[in-house]
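[1] can't give you the sequence, but here's the structure:
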């Protein structure tokens, strides 16, 4: 089984599925492999027609199945690589290549196990969910979760195979990303009343972000497992102005919020919206009607709220033999499934420390541990 997994992983790495470039060839490859096993497959395209989700089912058409979920897109292969990043190289018990651990290793394991699932007498189905655009906002998973409602597919649990070194992850913060654009009026700096300084208003917004971040600290749940335990906000990029003596007519602030729960997400967004729409924007328009503020949503990825007694955690314990759970700092698609009512955990081969770096790799022994877990899943679905 490991040999099959390594072969499939090599094939998957050869598809350069950088988020900006699409994933159709990989989806066609996976769909063909699952079709050959008698799976019921469905593909859905994004609006551009260059990216697709794949959802496939092996087993009976009943509720209560388990979803094996993985994103097919990868980050760009920047930096200096020892070998071609889109050609799998095996060396010293590792498979190297972009996406090897994040997260084509898990997808390869799931596809390698498909013949075993197909040969088993499953009482409940196993579902394969392979998505696009996780790395840039989880857009594929968002569309897929909505499609599951329309298709009336009701799984009992979901395993997201992000690289966790096969540890059971029950929680992570959300990640909400925005760009807020301020439009002012240009002019000569010697006559400020004739213009409207977009940077000045962006500066006031930055102060509001900092104040909201401070207001989050006392809201931290007493039992929060995260570090830090509270919701965080920050501005990461400020872009505006052309010259020292020109009143800037445009400024953009790229900012994010990482909420520990939905209540904090709503609180933070209401604070920001009330400040921008209720105070700053009206003030700017009173001075100059053409001035204003627009906030663009880059991505709103729900967090995975820890639920230690969930069916997903219980299943993961049974499949891995572990009895501990943990939380992580990075985001995944798990919160989208959880919000749709599907208990979810994150557990997959490889280390997040290898992700997004040159010479990304996954170890053979990690792939074997994942195969062992999926092998035990077969027995669970048979009973």
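    Received the coordinates, thanks. These numbers come from a predicted model, not from an experiment.

[2] Look up which residues are beta-bridged to residue 183.
    Under DSSP bridges, the beta-bridge partners of residue 183 are residue 250, residue 292.

[3] try residue 328
    residue 172.

[4] Run a quick neighbour tally on it.
    Residue 328 is flanked by 19 other residues according to other CB atoms under 10 Å. Just so you know, the C-beta spots here come from the backbone N, C-alpha and C atoms, and that holds for glycine as well.

[5] Could you double-check that it sits in contact with residue 355?
    No: with contact defined as CB atoms under 8 Å, residue 328 does not count as touching residue 355 (11.7 Å).

[6] Quick check: buried residues in the helix or strand containing residue 108?
    Per DSSP states H and E: residue 108 is located in helix 105-119. Buried residues in helix 105-119, defined by neighbour count with 16 or more other CB atoms under 10 Å: 105-114, 116-118.

[7] same deal with stretch 47-56?
    51-56.

[8] which one among those residues gets closest to residue 152?
    Checking the buried residues of stretch 47-56 against residue 152 with CB to CB, the nearest one is residue 55 at 12.8 Å.

[9] Leaving out chain neighbours, which residue sits closest to that closest one?
    residue 42 (5.0 Å; CB to CB, 6 or more residues apart in numbering).

[10] Report the secondary structure state of that neighbour.
    Residue 42 falls in the strand class when you classify it by DSSP: H, G, I helix; E, B strand; the rest coil.

[11] which residues touch it?
    By CB atoms under 8 Å, 6 or more residues apart in numbering, the contact set of residue 42 is 54-56, 147, 151.

[12] if you skip the residues just before and after it, what's nearest to residue 268?
    residue 257 (5.1 Å).

[13] could you point out which element follows whichever strand or helix holds that neighbour?
    If you go by DSSP H and E, residue 257 is part of strand 250-258. Downstream of strand 250-258, the first helix or strand assigned by DSSP H and E is helix 262-275.

[14] helices and strands around whichever helix or strand comes after that next one, which ones?
    Later in the chain than helix 262-275, the nearest helix or strand by DSSP H and E is helix 281-287. Contact analysis of helix 281-287 by 3 or more CB pairs under 8 Å, 6 or more residues apart in numbering; DSSP states H and E lists strand 292-301 as its packing neighbours.

[15] what about the strand it packs on, average pLDDT?
    Strand 292-301 carries an average pLDDT of 94.

[16] And for stretch 362-379?
    97.

[17] who touches that stretch?
    With CB under 8 Å, 6+ apart, stretch 362-379 has contacts from 1-2, 5-6, 9, 66, 68, 93-95, 100-101, 105-106, 108-110, 112-113, 116-117, 120, 122, 126, 161, 163, 165-166, 318-320, 347-350, 354.
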